[in-house]
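task: produce atomic coordinates for the following.
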Amino acid sequence: GHHLGARKWFSTSATMAHYPTSTQKRKWIFSDTQLNALHEANNSRAVEAVRENLRRSNACTPNDILRCDPPTVEEEAAIRKFYERQLLALCNSFKFPHKVHGAALIFFKRFYTRNSVIEFPPKAIMLTCMYIACKSEEAYVSSEQLARGAQQNVNQIV
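Numbers count the residues shown, from 1 in each chain. Have a look, this model is predicted:
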């Protein structure tokens, strides 16, 4: 027992020693200012794409509200926060291990550091992140089970 603990400590210490030069730190750790700038750039890019598409097509359906009346950066933050809470509630309803909750939330947040809710519907991304988290954390759930539990079409997940 003691030997395994020492090995685990060594492994963790060795891993932490490399953290300052890791890709995790370089590519995924942001200050509040950097994160806000990323979200503002994503929103601006997506809003401009929406405007260009509307200029070309001149059509807007009621189901396309995020594309026709795009949210502000602040509204996008509120939408993301809402779906983060939904994600955790759904993980709880499935009684997933906490490591699945954490992984799914990290995947969701990381996805939206590079993308906008205008471009990618957050409900579908939330479900996809949950599915990938279950796979990566070895907490098996089929896409059909997840879709049924979320009352969604399985095509939104895979």
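
grab the nearest non-local neighbour of the spatially most central residue of the chain.
Geometric centre of the chain, nearest residue: residue 108, 0.9 Å, by C-alpha atoms, centre = their mean. Take residue 108 and drop its neighbours on the chain: the residue closest to it by C-beta to C-beta, 6 or more residues apart in numbering is residue 129, 4.4 Å away. Where C-beta positions appear, they are placed from N, C-alpha and C, glycine not excepted.

same question for residue 90.
residue 150 (6.0 Å).

any idea which element the residue nearest to residue 108 lies in?
helix 122-136 (DSSP states H and E).

for that helix, enumerate the helices and strands it packs against.
Under the contact criterion of 3 or more C-beta pairs under 8 Å, 6 or more residues apart in numbering; DSSP states H and E, helix 122-136 touches helix 73-93, helix 98-114, helix 143-149.

now that helix: buried residues?
122, 125-134 (16 or more other C-beta atoms under 10 Å).

just stretch 48-55 next, same as before
By 16+ other C-beta under 10 Å, the buried positions in stretch 48-55 come out as residue 50.

hey, which helix is longest across this protein?
Longest helix in the chain, counting residues (DSSP state H): helix 32-57.

what does stretch 80-89 rub up against?
With contact meaning C-beta atoms under 8 Å, 6 or more residues apart in numbering, stretch 80-89 is reached by 101, 104-105, 108-109, 112, 117, 122-123, 125-126, 129-130.

how far off centre is it?
From the chain centre to the centre of stretch 80-89 is a distance of 10 Å (C-alpha atoms, centre = their mean, to the nearest Å).

ok, now stretch 105-121?
Computed by C-alpha atoms, centre = their mean, the chain-centroid distance of stretch 105-121 equals 5 Å.

just the mean pLDDT for it, thanks.
Stretch 105-121 shows a mean pLDDT of 93.

could you export it as CSV, CA atoms only?
Output in CSV follows, covering the C-alpha atoms of stretch 105-121 (Å, rounded to 0.1, in the frame of the first residue of the first chain):
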residue,chain,number,x,y,z
LEU,A,105,-18.3,21.3,-18.1
ILE,A,106,-14.7,21.8,-19.1
PHE,A,107,-15.4,20.5,-22.6
PHE,A,108,-18.4,22.9,-22.9
LYS,A,109,-16.5,25.9,-21.6
ARG,A,110,-13.5,25.2,-23.8
PHE,A,111,-15.7,24.8,-26.9
TYR,A,112,-17.1,28.2,-26.3
THR,A,113,-13.7,29.9,-25.9
ARG,A,114,-13.3,29.4,-29.6
ASN,A,115,-16.9,29.5,-30.8
SER,A,116,-20.2,31.4,-30.4
VAL,A,117,-23.6,30.2,-29.4
ILE,A,118,-24.8,32.0,-32.5
GLU,A,119,-22.9,29.5,-34.7
PHE,A,120,-23.4,26.4,-32.6
PRO,A,121,-26.6,25.7,-30.6
